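K.L.:
My questions are about this predicted structure, shown below with the sequence.
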Amino acid sequence: MKTLLQIILTGVIVLVLSNILGGVYVTDFFTAIVVAALLALLNIFVKPILLILTLPVTVITFGLFLLVINALIILMADGLIGGFSVDGFWWALLFSVLLSILQSLIFVVAERPRK
């Protein structure tokens, strides 16, 4: 149940960011949910492989290369989903940074115990 809630909240964030950022386009809410689910799957299966392959560069850049890996995962999702479009690498980088920040904030608030 927690994972489903996180995917729905991420879908809402994706939809909001697509309305704010000029280089990111999502056709509807269902597509945003699909983007959120695909990003979760790509982060589970593809990101560890990319981390291992780029470990020396990641260590040399003190972890900043992880931002590039996140942008590449966003671009992979762009290629796999028809109703989702990102105009280029820099838009994907900005989108991934904002998505990570907003996910962190919203998930902390959502998981806070009620009194």
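P.N.:
Great, that's in hand.
K.L.:
rest of the way, CA atoms for contacts and neighbours
P.N.:
OK.
K.L.:
Quick one: low-confidence residue ranges for this protein.
P.N.:
Per-residue confidence for the chain (pLDDT under 70) gives these ranges: 115.
K.L.:
Tell me the spatial nearest neighbour of T31, not counting adjacent residues.
P.N.:
G83 (6.2 Å; C-alpha to C-alpha, 6 or more residues apart in numbering).
K.L.:
do N19 as well
P.N.:
Y25 (7.6 Å).
K.L.:
helix, strand or coil for the one you found?
P.N.:
Three-state call for Y25 (DSSP: H, G, I helix; E, B strand; the rest coil): strand.
K.L.:
Tell me which other helices or strands the longest helix anywhere in the chain touches.
P.N.:
Longest helix in the chain, counting residues (DSSP state H): helix 89-111. On a contact count with 3 or more C-alpha pairs under 8 Å, 6 or more residues apart in numbering; DSSP states H and E, helix 89-111 meets helix 2-20, strand 24-26, helix 65-80.
K.L.:
For it, give me every contacting residue.
P.N.:
With C-alpha atoms under 8 Å, 6 or more residues apart in numbering as the test, helix 89-111 has contacts from 6, 9-10, 13-14, 17, 21, 23-24, 67-68, 70-72, 74-75, 86.
K.L.:
Format the helices and strands packed on helix 89-111 as a markdown table; extra columns: mean neighbour count and distance to K47.
P.N.:
Output for the helices and strands packed on helix 89-111, formatted as a markdown table (neighbours: other C-alpha atoms under 10 Å; distance: least, C-alpha to C-alpha, whole Å):
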| stretch | mean neighbour count | distance to K47 |
| --- | --- | --- |
| helix 2-20 | 17 | 18 |
| strand 24-26 | 21 | 21 |
| helix 65-80 | 19 | 7 |
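K.L.:
Out of these, flag the one nearest R112.
P.N.:
helix 2-20 (13.0 Å; C-alpha to C-alpha).
K.L.:
which helices and strands does the closest one pack with?
P.N.:
strand 24-26, helix 29-45, helix 89-111.
K.L.:
what do you get if the cut-off is 10 Å, keeping everything else the same?
P.N.:
strand 24-26, helix 29-45, strand 84-86, helix 89-111 (3 or more C-alpha pairs under 10 Å, 6 or more residues apart in numbering; DSSP states H and E).
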